[in-house]
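Trainee: Dropping a prediction and its sequence here:
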Amino acid sequence: MSRDDLDKRLKYVEKMVKVPDRIKFMRYRYEGYSVEESCKKVDILKMMGYRWHKRWNRDGYVGLIPRSTKTLKK
């Protein structure tokens, strides 16, 4: 996926809460920034940056969409 493609995706999801930062993170990675530098630019922990990168490599754009973390109430 090219940087232009990433920019188009970013526009599409700007109104969503979490996905734009994840796409910005990956765009920084495509621009050659390290994981640590990219994390600083989007203000996240390195651990989260590595998680996002792993999901991107495994699932592409879909991997950046937040997963449900709801638990069942007893």
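Mentor: Nice, I can see it. Residues are numbered from 1 along each chain as shown.
Trainee: only C-alpha atoms for contact and neighbour calcs from this point on.
Mentor: Fine.
Trainee: The residue nearest the centre of the chain sits in which helix or strand?
Mentor: By C-alpha atoms, centre = their mean, the chain has its centre lying nearest to R22, at 2.0 Å. In this assignment (DSSP states H and E), R22 forms part of helix 19-30.
Trainee: Give the rounded mean pLDDT of that helix.
Mentor: Mean pLDDT, helix 19-30: 93.
Trainee: other SSEs contacting whichever helix in the chain runs longest?
Mentor: Secondary structure assigned by DSSP state H gives helix 46-59 as the longest helix of the chain. Other elements packing on helix 46-59 under the criterion 3 or more C-alpha pairs under 8 Å, 6 or more residues apart in numbering; DSSP states H and E are helix 19-30, helix 35-42.
Trainee: what's the closest of those helices to G63?
Mentor: The closest of the helices and strands packed on helix 46-59 to G63 is helix 19-30. By C-alpha to C-alpha, the value is 9.7 Å.
Trainee: Quick one: residues in contact with that closest one.
Mentor: Contact with helix 19-30 is made by 3, 6, 9-10, 13-14, 35, 38-39, 41-42, 49, 52-53, 64-66, as judged by C-alpha atoms under 8 Å, 6 or more residues apart in numbering.
Trainee: So which bits of that helix are buried?
Mentor: Buried residues in helix 19-30, counted by 16 or more other C-alpha atoms under 10 Å: 19-29.
Trainee: so which of those comes closest to R58?
Mentor: Using C-alpha to C-alpha, those come closest to R58 at M26, 13.3 Å.
Trainee: Compute the inter-axis angle for the helix holding R22 and helix 35-42.
Mentor: Comparing the axes of helix 19-30 and helix 35-42 via axes from the mean of the first three to the mean of the last three C-alpha atoms, to 10 degrees yields an angle of 140 degrees.
Trainee: any idea how far E37 lies from D7?
Mentor: Relative to D7, E37 is positioned 19 Å away (C-alpha to C-alpha, to the nearest Å).
Trainee: Check E31 too.
Mentor: For E31, the distance to D7 - C-alpha to C-alpha - is 12 Å.
Trainee: which of these two has more neighbours?
Mentor: D7 (14 against 11; other C-alpha atoms under 10 Å).
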